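1. Output the structure for:
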Amino acid sequence: AGRARREGHARQAARLYRELSARHGASPEALASRLSLARLLLTRLHDPRGALRELDAYLRQAPHGPVAPECRYQRTLALRRLGRTEEEQRALRRSLREDPRSVYATAVRRRLDELNGGGAGE
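-> Residues are numbered from 1 along each chain as shown. Next up, the predicted model:
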């Protein structure tokens, strides 16, 4: 799946990530593939709804997993692309609450400031 993605075969990579997830369930590799698939859906296949499904599935299975902070951040991007601003704000706040020191915290605060009219974010 990774090779297909790197070689620019986004649809093939998505299919392979889905197969990996279906075959290996809650294994660390299958969980990690959900994030890879979500990124691919969000950035290359322009499917924020599909990305959101994958991110939510990861967070249900591993809410404190190694890539949970990135999943929470990517989830805010998917909600933004879908125009679901109120949900995005809740997700941004949750991201700060759950991952206040993550590498995404500055971007999360900046986006909250934008949404709050330039006022102080949480």
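
2. Send me the helix or strand bottoming out on mean pLDDT in the chain as CSV with only the CA atoms.
-> Ranked by mean pLDDT, DSSP states H and E, the weakest helix or strand in the chain is helix 2-6, scoring a mean of 86. Output in CSV follows, covering the C-alpha atoms of helix 2-6 (Å, rounded to 0.1, in the frame of the first residue of the first chain):
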residue,chain,number,x,y,z
GLY,A,2,2.8,2.4,0.9
ARG,A,3,4.6,1.7,-2.4
ALA,A,4,1.4,2.3,-4.4
ARG,A,5,0.9,5.6,-2.5
ARG,A,6,4.5,6.7,-3.1
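
3. quick one: buried residues of it?
-> Of the residues in helix 2-6, 4, 5 count as buried by neighbour count, 16 or more other CB atoms under 10 Å. C-beta coordinates here come from the backbone N, C-alpha and C atoms, glycine included.

4. just the helices in this protein please.
-> Assigned by DSSP state H, the chain shows helices spanning 2-6, 10-24, 28-43, 48-61, 68-81, 85-98, 105-115.
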